[in-house]
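[1] Need the 3D shape of this:
(one chain, ligands or ions: 1)
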Amino acid sequence: MDTLVLDTQGFPVAFVSWQRAINLQWQDRAIVVTEDSKRILRSPSFSVGMPRVIKLRNHISRKLRLKVPMTRRNIAIRDNSMCQYCGVLLETADYTIDHVLPRSRGGITQWSNVALACVACNKRKSDRLPHEVGLALRQKPYEPNQFDPRFNFRLHIRVLRPEWRDYSSFLYWNISLDK
Ligand SMILES: [Zn+2]
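    Okay, here's the model as predicted:
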């Protein structure tokens with residue numbers, strides 16, 4: 001990806017292609033913060049440096065916000081490898097994913113409705129709500145922040161571009177190590 005996207009506060013939120021970056025600018029949804037003067041984009045009517053950092057004018061669009069993939073591993077990372085009901089520390093082979101509001105009652109698979117559980121608690125809970133079987137969650141399930149370095153992030157950048165160095169503490173964890 002070519003361009004780093006900052007939210008209205010100046011925090012990195014996503015990477016997009018330069019085409020998308022230009023589009024966001026044309027739609028007046030973003031302003032260009034930094035251009036790459038070595039990569040000039042030319043058309044009959046304009047010539048600009050490739051946008052390397054853009055800043056959104058308004059709220060973050062849902063489409064732009066990158067998500068931490070909801071994998072078993074990432075759920076386990078979020079939940080500190082701990083059964084969210086009894087607190088026992090789990091080995092990978094013992095991970096089960098509990099739907100807090102059971103699927104049979106319309107619960108869906110989303111970050112706010114899944115929790116890591118041991119087999120015993122998952123069985124005990126079955127198709128009921130935690131309080132119905134005397135269980136309580138240790139923490140409210142939440143969607144992880146994409147810049148939380150603990151999570152396996154789907155986007156890997158290969159190089160830290162000089163134009164991104166102001167944001168390097170955020171981006172450090174997303175650099176692919178196998179160059
Ligand atoms: Zn348990």
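
[2] tell me which parts of the chain are close to the ion?
    Neighbours of the ion within the chain, by C-beta under 5 Å from the ion: 83, 85-86, 118, 121. C-beta coordinates here come from the backbone N, C-alpha and C atoms, glycine included.

[3] Please tell me how far the closest residue to residue 139 other than its chain neighbours sits from residue 11.
    Spatial nearest neighbour of residue 139, chain neighbours left out: residue 84 (6.9 Å); criterion: C-beta to C-beta, 6 or more residues apart in numbering. Distance, residue 84 to residue 11, using C-beta to C-beta, to the nearest Å: 29 Å.

[4] Looking at the two, which is more packed in?
    Taking neighbours as other C-beta atoms under 10 Å, residue 84 and residue 11 compare with residue 84 leading, 25 against 13.

[5] in the helix ranked longest in the chain, what counts as buried?
    Longest helix in the chain by number of residues (criterion: DSSP state H): helix 18-26. For helix 18-26, burial by neighbour count (16 or more other C-beta atoms under 10 Å) applies to 18, 20-22, 24-25.

[6] show me where pLDDT drops low in this protein?
    Residue ranges of the chain with pLDDT under 70: 60-66, 147, 149, 152-158, 169-179.
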